[in-house]
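Asks: Return atomic coordinates for the entry below.
(2 chains)
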Amino acid sequence: DVKVTQSSRYLVKRTGEKVFLECVQDMDHENMFWYRQDPGLGLRLIYFSYDVKMKEKGDIPEGYSVSREKKERFSLILESASTNQTSMYLCASSETGPNQPQHFGDGTRLSIL
Amino acid sequence: QQQVKQSPQSLIVQKGGISIINCAYENTAFDYFPWYQQFPGKGPALLIAIRPDVSEKKEGRFTISFNKSAKQFSLHIMDSQPGDSATYFCAARSGLTGGGNKLTFGTGTQLKVEL
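Replies: Okay, here's the model as predicted:
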């Protein structure tokens, strides 16, 4: 079974802090994704990566950056956390090829105070 | 803007009943339509998916109906069970995005199946 592991289930940070969310997958998938999930808004794509050191902006990249130095690890960075970034963050991975499913981690609930 | 519109936002169904969740899209470049199921405290997981060259796909109690001309698709859960209580997301993939299999998700439907 594919396993996507997010380093923290819950995280509390302060406004202005630099925040790192880590995600690791164990299936050698080329593609990795970061989403945020908010009630009534569904899942919105922040950034994705289709190869090591490659990244592309999703629909809501403002205030975020990402890093992919190794194939199995994809990090989401909040450069200067703000209260409107309080949310559930979900990481996913998938193989390359048409219609490959995305496999999700269980999420990190991030609160910015 | 919301490229995939999903309704209803929440749904309560009696055990044994049929649950129906609807989605509509505008982008004609979408070429793959998966549904994901999410239980509390867990990430979403692929439930069933359809390509637009077929009008229906059935897997057990779950069926996707697809209407290409209306740009709508729906999930039907037959004989709904309490264990089906979860949040359901429709999604769509654009064949134009190249690598990455980027998906656009609907806003989600919270389904509760009552005894």
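
Asks: In which helix or strand does the residue of chain A most remote from its centre reside?
Replies: Residue distances from the centre of chain A (CA atoms, centre = their mean) peak at residue A:98, which lies 21.6 Å from the mean C-alpha position. Here residue A:98 is covered by no helix or strand, with elements defined by DSSP states H and E.

Asks: Wait, it touches residue B:32, no?
Replies: Yes. Under the criterion of CB atoms under 8 Å, residue A:98 makes contact with residue B:32 at 7.1 Å. For every residue, glycine as well, the C-beta is placed using N, CA and C.

Asks: what does chain A have sitting close to chain B?
Replies: A:4, A:30-31, A:33, A:35, A:40-45, A:48-51, A:56, A:58-59, A:90, A:92, A:94, A:96-107 (CB under 8 Å from any CB of the partner chain).

Asks: Which ones among those residues map onto strands?
Replies: Within the residues of chain A next to chain B, residues falling in strands by DSSP state E are A:4, A:31, A:33, A:35, A:42-45, A:48-49, A:56, A:90, A:92, A:94, A:103-104.

Asks: So of these, which two are at opposite extremes in space?
Replies: A:42 and A:49 (21.2 Å; CB to CB).

Asks: So what's the residue count around residue A:85?
Replies: For residue A:85, the number of neighbouring residues by other CB atoms under 10 Å in any protein chain shown comes to 18.

Asks: Then residue B:11?
Replies: 17.

Asks: Please give the element, helix or strand, for the residue nearest to it when sequence neighbours are not counted.
Replies: With sequence-adjacent residues excluded and distances taken as CB to CB, 6 or more residues apart in numbering or on different chains, residue B:11 is closest to residue B:111, at 5.0 Å. Following DSSP H and E, one finds residue B:111 within strand B:109-114.

Asks: quick one: that strand to strand A:42-49, angle?
Replies: If you take axes from the mean of the first three to the mean of the last three CA atoms, to 10 degrees, strand B:109-114 sits at 130 degrees to strand A:42-49.

Asks: which helices and strands does strand B:109-114 pack with?
Replies: strand B:10-14, strand B:19-25, strand B:86-94 (3 or more CB pairs under 8 Å, 6 or more residues apart in numbering or on different chains; DSSP states H and E).

Asks: Kindly recompute the last result at 10 Å.
Replies: strand B:10-14, strand B:19-25, strand B:72-77, strand B:86-94 (3 or more CB pairs under 10 Å, 6 or more residues apart in numbering or on different chains; DSSP states H and E).

Asks: buried sites along that strand?
Replies: B:109, B:111, B:113 (16 or more other CB atoms under 10 Å in any protein chain shown).

Asks: what about whatever residue of chain B ends up closest to chain A, neighbour count?
Replies: The nearest approach of chain B to chain A comes at residue B:43, 3.0 Å away (CB to the nearest CB). Neighbourhood size, residue B:43 [other CB under 10 Å]: 22.

Asks: Check the nearest residue to it once chain neighbours are set aside and give its pLDDT.
Replies: Spatial nearest neighbour of residue B:43, excluding adjacent residues (CB to CB, 6+ apart): residue A:104 at 3.0 Å. pLDDT for residue A:104: 97.

Asks: I figured residue A:104 was touching residue B:36, is that so?
Replies: Yes. Using CB atoms under 10 Å, residue A:104 is in contact with residue B:36, at 8.0 Å.

Asks: which neighbours do these two share?
Replies: Taking CB atoms under 10 Å, 6 or more residues apart in numbering or on different chains as the contact rule, residue A:104 and residue B:36 both touch A:43, A:92, B:43, B:44, B:45, B:46.
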